Every structure is written in C-alpha cells, then in structure tokens.
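Enquirer: Build me a model from this:
(2 chains)
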Amino acid sequence: MKYVDEFRDGELAKIIAANIVREADPNGHARSPLHNPLVKQLANRLSPRAGKSLVIPQAGRAQRGGRSQAIESLRESQFNRIYRLMEFCGGHTHAISRYGLADLLPASVRLIHGPGCPVCVLPIGRVDQAIRLATDQGVILCTYADTLRVPASDNLTLMRAKAGGADVRMIYSTQDALKIAQAYPQRQVVFFAIGFETTTPPTAVAIKQAQAAGLKNFSILCNHVLTPAAMHAILAVEGGVALDGFIGPAHVSTVIGSQPYEVFAHDYAKPVVIAGFEPLDVMQAILMLIRQINEGRAAVENEFTRAVTREGNTKAQALVAEVFELREAFEWRGLGSVPHSALKLRAGYAEYDAELRFGCEYVAVPDHKACECAAILRGQKRPQECKIFGTVCTPENPVGSCMVSSEGACAAHYSYGRFREVTQ
Amino acid sequence: MSKPNYTRQLDFKNGRVEMSYGSGGRAMAQLIDELFARAFDNPYLAQGNDGALLPSATGRLVISTDSHVVSPLFFAGGDIGCLSVHGTINDVAMMGAMPLYLSAAFILEEGFPLADLKRIVISMAQAAREAGVPIVTGDTKVVEQGKGDGVFITTTGVGVVRDGITLSGDLAQAGDKILLSGAIGDHGMAVLSQREGLSFDAPIVSDTAALHGLVAAMLDSGACLRVLRDPTRGGLATTLNEIVRQSGVGMLLHEAAIPVHQPVEAACEFLGLDPLYVANEGKLVAICAAEDAARLLEVMRAHPQAVDAAIIGEVLEDAHGFVQMTTKLGGRRIVDWLAGEQLPRIC
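Expert: Residues are numbered from 1 along each chain as shown, chains lettered A, B, ... in the order given. Down below sits the predicted model:
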C-alpha cells in the first residue's frame, strides 16, 4: 500500500532489530549503528527530527520525584539489564502482536502491554448502564463495533442484549448516530461514547451538530477517558513500578501533542518515545528508548513526526474543552478509580447527557477476584502468570478487561503469541 | 388446448411478492411457471413432479447443502443468486466430486420486489448454465413482511467422485504443502463496501465463481491431493484452523506468500479488519504431498481461476494444533480461530 508499506519493510526491520541488539547488548562487538548508512537513511526517513529530542533540563528538578537518583540507578544498571518498555496504546499492542515483533527483539527487551485499549478499560458497570438504557428505557443505542462484545453483569454483552431484543446498532462514526436520530424522531437515540482523546473530538462535533440542528432525541453516554491520567495511575504506585519507559501513543498524540507526556520524563524519570502504529515505527521507538535509557536520559522524544507536534491539534483541543469538562474521578477496569481521568459534558450541554436525561446512575461492579488485569496493566505480571488465563478466561469468554479486545494484553498474547510458551 | 389457470401475467416491473405466492395455489404455480421454470429450464425440472428423477451415475455420491443470507443482495461482482449456485457447487467440488445437479429452496419476504427476484433468479440460472450443473428441483415459501431479509436461498448439490480419489479435512500430514488459489478477501470486502451505512468506493469485486473446473484440472494432474477447502465464511484463517483440528497437526504459514489485492488490504486496514478472516467465494486451499507441490502449483497457475496461486506454508507436527505464521516483518504469530464475529477496532 502506498505510504504504508515502507513502514512495514521486513528488511529495514531486520536492520533496526540488529541495532536494538547492539544497543541493548553492552558487550556487543558491533560498530555503532549510526555508521550504517542504511540505518541513517531509515532514521532520517522515519523521523527527520529524531535526533533533536525534547530533552528537559535537569537542573532544579531533582527534588521532584527523586529524578537524579533514578537516573543514577539507570546508569548503574545499564549493563546486562532488562529493558521493560510499556506500549500504552492498544494500537501498538496490535502491531507488535500482528507482526510478531517480539521475535525480532533480544530477550533483554520486554514489552509490557498497557491499558490503552478503549474497550478493555471500560468497567462492567458502564456497559451495564448502556444495556439498561437499551432494555429498560427502550432507546436506540449506537455503539462502536468492538464495544459489542465487552462483558457486563449477568453474563450479558451488548451483543447478547441485542439478541434479546434491545435495539443496539453498530456504527462507524458519530455521524451515523446523528443520522439515526434524525431518521427516528419519535425514538430516543443514545450514542455510547467511549475511547481516548482520539475519539473525543468527533463526539464533541456530534454534540455541536445536534445542538445546531435542534435534535431533541439525541444524547450520549459519555465514557471518554484521558491517556495522561492513566499513565499517572500506572506510575504512581508505592514502591515504584516495573517500567523503564513508554512507547507513547500515536493517534492520541496527534490530538493532544507530545507536551502532556513531559511530566513523566520530569517527575518519574521515565523516557517516552511517541511512535506511529506501523511496525517499523514501533521498532524505531524501541531503539530510541533503549538509547535514552543507556545514556541515562529521560526525555520525551517523537518518532511519529509525520503526524505529531508538541502542541497537537489545538482546534480539536479547543472544541473538546468547550463541550467537555473533567470528571472528579472515573473507574477504569484494571486500574480502579482514577482521579480526573475522564470527561463529562459541561453544564451548558447537560441536555445531551444520557445519564442525566434518563436518570441512569453508574453502579460499580467489582472485577473478578482471580483476575490479574491490574497487575498485568502495571507490568508486574505477564498474562500467562494469571491463574485463569487461557482456562476460564479466553477471548470467547473474557473475564478480565485485558482479554476483551484483540488490543488487550491477554487477548493479544492468547490470540497471537501463546505458541511461545510451548515452543520455547 | 386447455386454458391457463390465470389470465394476467405477473408484473415483474412493479409487482411485489405476496403471501399467496407461497400458499400452494394458483399464484404459486404462476410464479413457478413464469419465473423459475422458465429461467432454470431443464428436462428434470420439466418433469413437474415433487422430486426430480435422475439417471444413474457411476462413482460414490457426494451431497452438500448451503443456505445463503447476504446483505446487500446485490454487490459488485455478483448477487445472492449466483452466490447460491457457486457456493454449493464449490462445496461439492471440494470433496473431489464432479457436481451434477442442484436443488434450490427460496424463502421470500412478503413485499419483496418481483423485479429483484427476477434478477436473482436469472443470475442463478446463468450461473448454473455456465457451470453445467442444472437446478433440477426447488421450493418456494413466503414469510410475512419483517420476518425475512428479502430473500434467503438454500441450495443442495449432488456430485460423484471417481474411484481413487479421497479428499478429507483429516488427511493433512506433517510435511505437506499448503497451496492457495489466489488473492483473499475480495468477496467479503466487496459485500462490506456496499453495506448500508458503510458504503465506500473501492475497486473491489467479489470473486464468486464455480471452482469445479479448477478442481478437475488439479485432480487430473495426478498430484497427491489430501485436502481441498474453499475458505468462505471466516476466511482463510478459519479454514486452516478447521483442517488443523480435524487432522491433529499444526501449520506454519508465510505471510509474504499470501496474495491480497491492494484495495482489499487498504479497505481492511481502514476498517481494522484482517484479510485472513474475510470471506472468499472463488478461492480454494489445497493440501498436498510436498513432492507434488511444485507440479500442482504449475497446473493451478495454468488455469484461469488460479493464475495467482501460491504455496503459502507447510503442515507441521504440533500437538497444540497451532496455525502459526511468519510475518512480513520476520516475526511469528498465531493465526487463531476468530473469537466471535470479526468486528472493526475502535482506533
């Protein structure tokens, strides 16, 4: 495919892989990767500004989060160390699994699948709410596709609710939901708005359009969540977290820019490299992260310069800010209640809030006791270390959030990678 | 000369299916006469009995049946009519059989336009004629409006297998080669691209086709064929997982060897789908002994329906029954059963 294939080139992947091995292997006898003209060319093509990272001045910041200490320990441990890198986004998890990237990496580089999968982090109680709207209130519930399978209470999913007679419709865009609202003026139409910063602007647009069109039968069940808040939740664990750096979000960053991640480099001394969703993007970002770690740096770098700037899409940000405001707290599957981690409609748009319109309150439902999703999302455990992985909990019958979508850590490992446990 | 039982001809321009067309009365007889019998026209159907009396055939018999529900009914490259003929012919052919006869049963929804029905029936008739497999018996029922999706068609095919040929999903052996007759995902994406609420312009045409000619050529090659399957619903990935389970083996595929047309790849990318799980209606997978693979590939490529045929992998010994794949990037992954329906990802 035009424009995409060059980021999926197997030969170039091997070259980056070789450089990762050299970089992650301090006893390596190979030349510096930058002497290789092909790599240089690739590095330029992937990221013309890759060399100019957004290094944050270290002076005066040491008191925050023990940064200098952290860097010191990074330097000490750089030999024979393990590189524990979290790809936050489900899109990256998907690319890593889909292309089998783990096979191209040395054993010392361990990828931890993060919580950036919109349907995975949706708590049971939120899906219950949507199902209640469709069954008890008789609304037409419009939803993005892979939300249909998310397990809710009573062994239900939206798909099963649909089979039981609820009017649940799969849509591809918020515009479809508006069209349905216009086509059925006698019915209430609720859009189940979920997702990170990538899907929030289209919801904001739909609200503005509904207002302009005077649509009285359209509302949203707002579950839009915020990436930086989730990253905070992962890092702010007592006793530290088993992570050395982040592969930063691709599409989310096109909207919010790279600036919001700088705090993680500052306060937690964790390098962040924003990467595109193509396999070579991910490989290059891993290389950039390992270099930072080896050099004892913690900065926000941008591999995805073809789409991401430091400021992001300010127009989209302004629109989102106009329509939405922060929730005090929001419950995430796997992470629990996280302060200021989600959005709700501002008072001026309250009439489009389905929770208010239908008096449909959120009731928290605890996750399964045996489920290790929380530890897996923090990188403390691997999917295969969970007792119910692959037995009680499978993609057909997911128990925990990470098994729900193919982007989730457990589902990705189950669907794409479980042969590794038996063949190695 | 006796008078016909009805005086006014069916209105194939503006008419619609009525409940009476399935009631067994005159209206039904008229629909059969003016539409089905005329379009499918063959001596067995003309017998006009409850069943078709067929001449004796030599060889073991194969029978296969398939119901067709597709939305939209008409798509680039075909419609539910020709699809229902090709699908069943292919199921018979995948058993190594020469398909001989088809039956067709229609469930029509009250209010369905007769013009569309005629178009579908003519497409079926044409597909059957081109394939040389007559539709020798049939049935029509009508359901009330809202209880059907326009039209559902069930076809059953009968064929014969000549001596010495035994194909079965449980015969794959470690060391065998896996061959694919051409690019995957065309049918599924052609249908999806025209689905309501999703229509996008893409030069994607369904690959729906009857494959018994190709199968005959492959069988004539003398290659040691063990399994033939058409990767329809669930796509290539599902078909291979079925074979792996039946045969108690594993497989290793090579992504770079699996042909996918660019527009299909792009549309899948756009919708967050994987072409490995997208339906085909004119492709087949063959598993044959390794030593015969090159010869079989040559025969396939010489046939107009398999010019892009490729060897896409090998059968392995594997107690876990994994279908694995080396990716274009050089990594490895599982190509698993589909969990539920393939649904587009959010971001």
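Enquirer: Need the pLDDT of A:V39.
Expert: A:V39 carries a pLDDT value of 45.
Enquirer: What of A:D5?
Expert: Reading off the confidence values, A:D5 has pLDDT 83.
Enquirer: and the gap between it and chain B?
Expert: Plainly put, A:D5 is 9 Å away from chain B if you go by CB to the nearest CB, to the nearest Å. Heads up, the C-betas are built off the backbone N, CA and C, glycines and all.
Enquirer: Can you give me the neighbour number for the residue of the stretch 201-347 of chain B found nearest chain A?
Expert: In the stretch 201-347 of chain B, the residue that lies nearest chain A is B:G331 (2.3 Å; CB to the nearest CB). Using other CB atoms under 10 Å in any protein chain shown, B:G331 is surrounded by 25 other residues.
Enquirer: my read: it touches A:G100, true?
Expert: Yes - under the criterion of CB atoms under 8 Å, B:G331 lies in contact with A:G100, with a separation of 2.3 Å.
Enquirer: Could I get the contacting residues of the residue of the stretch 201-347 of chain B closest to chain A?
Expert: Under the criterion of CB atoms under 8 Å, 6 or more residues apart in numbering or on different chains, the neighbours of B:G331 are A:Y99, A:G100, A:L101, A:A102, A:D103, A:L104.
Enquirer: How about the backbone phi and psi for it?
Expert: In terms of degrees, to the nearest 10, the main-chain angles of B:G331 are phi -90, psi -180.
Enquirer: returning to that earlier point: contacting chain B as well, which ones from the contacts of B:G331?
Expert: With CB under 8 Å from any CB of the partner chain as the criterion, the members of the contacts of B:G331 in contact with chain B are A:Y99, A:G100, A:L101, A:A102, A:D103, A:L104.
Enquirer: Which pLDDT value belongs to the fourth one?
Expert: In other words, A:A102. As summarised for this prediction, A:A102 has a pLDDT of 91.
Enquirer: Neighbours of it, how many?
Expert: Here the count is done by other CB under 10 Å, and A:A102 has 19 residues near it.
Enquirer: can you tell me which residues contact it?
Expert: With contacts defined as CB under 8 Å, 6+ apart, the neighbours of A:A102 are A:I96, A:L111, A:G417, A:R420, B:G331.
Enquirer: ok, of the contacts of B:G331, which one's closest to chain B?
Expert: Using CB to the nearest CB, A:G100 comes nearest to chain B of the contacts of B:G331, at 2.3 Å.
Enquirer: The closest one reaches A:Y416, doesn't it?
Expert: Yes - A contact is recorded between A:G100 and A:Y416 when judged using CB under 8 Å, the distance being 7.4 Å.
Enquirer: Same drill for these two, tell me which one is more crowded.
Expert: Between A:G100 and A:Y416, counted using other CB under 10 Å, A:Y416 has the larger neighbour count: 27 against 24.
Enquirer: So for that one, what's the nearest residue that isn't a sequence neighbour?
Expert: Excluding its sequence neighbours, the residue lying closest to A:Y416 (CB to CB, 6 or more residues apart in numbering or on different chains) is A:S97, at 3.8 Å.
Enquirer: and the one you found, helix, strand or coil?
Expert: Assigned state for A:S97: helix (three-state reduction, DSSP: H, G, I helix; E, B strand; the rest coil).
Enquirer: wait, is A:E355 part of a helix?
Expert: Yes - remark: A:E355 belongs to a helix, assigned using three-state DSSP.
Enquirer: And it, how far from A:A193?
Expert: When distances are taken as CB to CB, to the nearest Å, A:E355 and A:A193 turn out to be 11 Å apart.
Enquirer: anything in contact with each of A:G100 and A:Y416?
Expert: Both A:G100 and A:Y416 are in contact with B:R333, where contact means CB under 8 Å, 6+ apart.
Enquirer: Which helix or strand lies directly C-terminal to whatever helix or strand A:S337 lives in?
Expert: When secondary structure is defined using DSSP states H and E, the element that contains A:S337 is strand A:336-339. Downstream of strand A:336-339, the next assigned helix or strand under DSSP H and E is strand A:343-345.
Enquirer: Name the residues that touch that next one?
Expert: Outside of strand A:343-345, the residues within contact range by CB under 8 Å, 6+ apart are A:200, A:207, A:220, A:222, A:224-226, A:320, A:323-327, A:352-353.
Enquirer: I'd like the distance from it to the chain centre, please.
Expert: 19 Å (CA atoms, centre = their mean, to the nearest Å).
Enquirer: Also stretch B:11-25?
Expert: 28 Å.
Enquirer: buried residues in that stretch?
Expert: Using 16 or more other CB atoms under 10 Å in any protein chain shown as the burial criterion, the residues of stretch B:11-25 that qualify are B:R16, B:V17, B:E18, B:Y21, B:G22.
Enquirer: Any figure for the gap between A:D244 and B:S23?
Expert: To B:S23, A:D244 is 74 Å away according to CB to CB.
Enquirer: again, but for B:A294
Expert: According to CB to CB, B:A294 stands 59 Å off from B:S23.
Enquirer: how is chain B carved up into domains?
Expert: Under the assignment automatic domain parsing, the domains of chain B span B:19-161, B:177-334.
Enquirer: Highest mean neighbour count out of those domains?
Expert: When you average the neighbours per residue for each of the domains of chain B (mean count of other CB atoms under 10 Å in any protein chain shown), domain B:177-334 leads with a mean of 21.
Enquirer: Now do the end-to-end distance for it.
Expert: The straight-line separation of the ends of domain B:177-334 (CA to CA, to the nearest Å) is 18 Å.
Enquirer: returning to what we had before: and which of the contacts of strand A:343-345 is nearest to chain B?
Expert: The closest of the contacts of strand A:343-345, once distances to chain B are taken by CB to the nearest CB, is A:T200, at 11.0 Å.
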